[in-house]
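Asks: Let me see the structure of the following:
(one chain, ligands or ions: 1)
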Amino acid sequence: MFIDTHTHLDFDSYDEDREIVIQRAIENKVSGIITIGTDLKSSEQAVKIAEKYASVFAAVGIHPSDCASAHYNDFEKIKELTQHEKVVAIGEIGLDYYHMHADKETQKNIFKKQIKLATELNLPLIIHNRDSHDDMYEIISNEGVAETGGVLHSFSGDESFLEKILLTNLYISFTGNITFKKSTTDPLVIQTPLENLLLETDSPFLTPAPLRGKRNEPAFLVHTAKKIADLKGISIEELGSITSDNAKTLFKLNL
Ligand SMILES: [Zn+2]
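Replies: Next up, the predicted model:
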């Protein structure tokens, strides 16, 4: 079995066939899915989808690219959503200095505020990081992130950044872009111990080869998993079993 720990099933690119997409995931042995909110509305949608399907769980939170438009009340409402039994994490939250939809201070404040919330609620974090490695590492080190636990998803950065993150015991996940021909991430995948690895698609984005150009979906996880298994020199079944155990441990999934 496989668990897709990061997808956005609430996005309107699934409006026509969401049920079929979830069914197709199950047919491809993706027996668990975490659908991730990016703002209040999307978090509410994520919970609604998780409510409907046994294999789907939800994460709720405000993405760094959506934090400029977040209202003070949104955090109270996010907190209320976490009381739902299918909510397994706070996410996705973090820093994005590539898109820069909000200034650095705003992003950092909202990230820290949500780390506090996760710590208070004893929920793991799903963290987004793009072109913000130094500030990310500073916040991870100073805000008790290692104790709260979580995953740095769609990992980007070099070997030394990865080494520092691994010392905090966070989990790491790589997306379909590791399957691209010009990808340079092979050494990073090899460097990440199996006990720190989770699988994800980040669908509808980052469709793995050989399906690039199509909308991504959880069923396509097998292509990324195959690449990781090959780099690790183990079977795809073994990789599926180890990473599923990791996901079940971190997110306390009832699967
Ligand atoms: Zn995402």
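Asks: mind listing the helices for the protein?
Replies: With DSSP state H, the ranges of helices along the chain come out as 18-27, 40-52, 72-81, 104-121, 133-142, 145-148, 159-167, 186-191, 221-232, 236-251.
Asks: ok now the fourth one, how far from the chain's centre?
Replies: The gap between where helix 104-121 is centred and where its chain is centred comes out at 17 Å by CA atoms, centre = their mean, to the nearest Å.
Asks: Alpha carbons only: can I get it in CSV?
Replies: Provided in CSV are the C-alpha atoms of helix 104-121 (Å, rounded to 0.1, in the frame of the first residue of the first chain):
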residue,chain,number,x,y,z
LYS,A,104,8.5,38.1,4.7
GLU,A,105,7.5,39.4,8.2
THR,A,106,3.8,38.6,7.5
GLN,A,107,4.7,35.1,6.3
LYS,A,108,7.0,34.5,9.3
ASN,A,109,4.4,35.7,11.8
ILE,A,110,1.6,33.6,10.4
PHE,A,111,3.8,30.6,10.1
LYS,A,112,4.8,30.9,13.8
LYS,A,113,1.2,31.5,14.9
GLN,A,114,0.2,28.2,13.3
ILE,A,115,3.2,26.3,14.7
LYS,A,116,1.9,27.4,18.2
LEU,A,117,-1.6,26.2,17.3
ALA,A,118,-0.3,22.8,16.2
THR,A,119,1.8,22.5,19.3
GLU,A,120,-1.1,23.4,21.5
LEU,A,121,-3.3,20.9,19.8
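Asks: Quick check: buried residues in that helix?
Replies: By neighbour count with 16 or more other CB atoms under 10 Å, helix 104-121 contains the buried residues Gln107, Lys108, Ile110, Phe111, Gln114, Ile115, Leu117, Ala118, Thr119. Any C-beta I mention is one placed from the backbone N, CA and C, and that applies to glycine too.
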